[in-house]
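K.L.:
Sequence and predicted model, in that order:
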Amino acid sequence: MTKKLYDVCHGREYEKGGETKTAWSRVGVLVMAEDGRIAIRLDAVPAGAWDGWLKVFPREEKDKPAPAPAAPPPKAKPAFADMDDDIPF
């Protein structure tokens, strides 16, 4: 069964350069099954000045290739490797 995923978002208006803009925060996911069933999972609920409305946006596909595995970090010398030196005091 194929499912369609949508992001459930909360919009917060702010001003920048004299222009009103909207910042969107993802608060959950909406899943629509092929048979028409809909399920919503909320990960967070907006607090403060919230009018109770959330917006649903189609989830953007991320067609980025998987990142190559990172090289292992270089081995560090033991912290006290130079403790065999004579201390002149």
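P.N.:
Nice, thanks for sending it over.
K.L.:
switch to C-alpha atoms for all contacts and neighbour counts from now on
P.N.:
Will do.
K.L.:
in this structure, which spans are strands?
P.N.:
3-16, 19-33, 38-42, 55-58 (DSSP state E).
K.L.:
For G48, which of those is the nearest?
P.N.:
Judged by Cα to Cα, the one of the strands of the chain that comes nearest to G48 is strand 3-16, at 10.6 Å.
K.L.:
which neighbours does that closest one have in its sheet, and in what orientation?
P.N.:
Sheet pairing of strand 3-16 (DSSP bridges) gives strand 19-33 (antiparallel), strand 55-58 (antiparallel).
K.L.:
in that strand, what's buried?
P.N.:
5-11 (16 or more other Cα atoms under 10 Å).
K.L.:
which one among these gets closest to K21?
P.N.:
Using Cα to Cα, G11 comes nearest to K21 of these, at 9.6 Å.
K.L.:
Name whatever forms a beta bridge with that closest one.
P.N.:
W24.
K.L.:
residue contacts, the closest residue to E13 other than its chain neighbours?
P.N.:
Using Cα to Cα, 6 or more residues apart in numbering and skipping the chain neighbours, the partner closest in space to E13 is T22 (4.4 Å). T22 makes contact with 11-14, according to Cα atoms under 8 Å, 6 or more residues apart in numbering.
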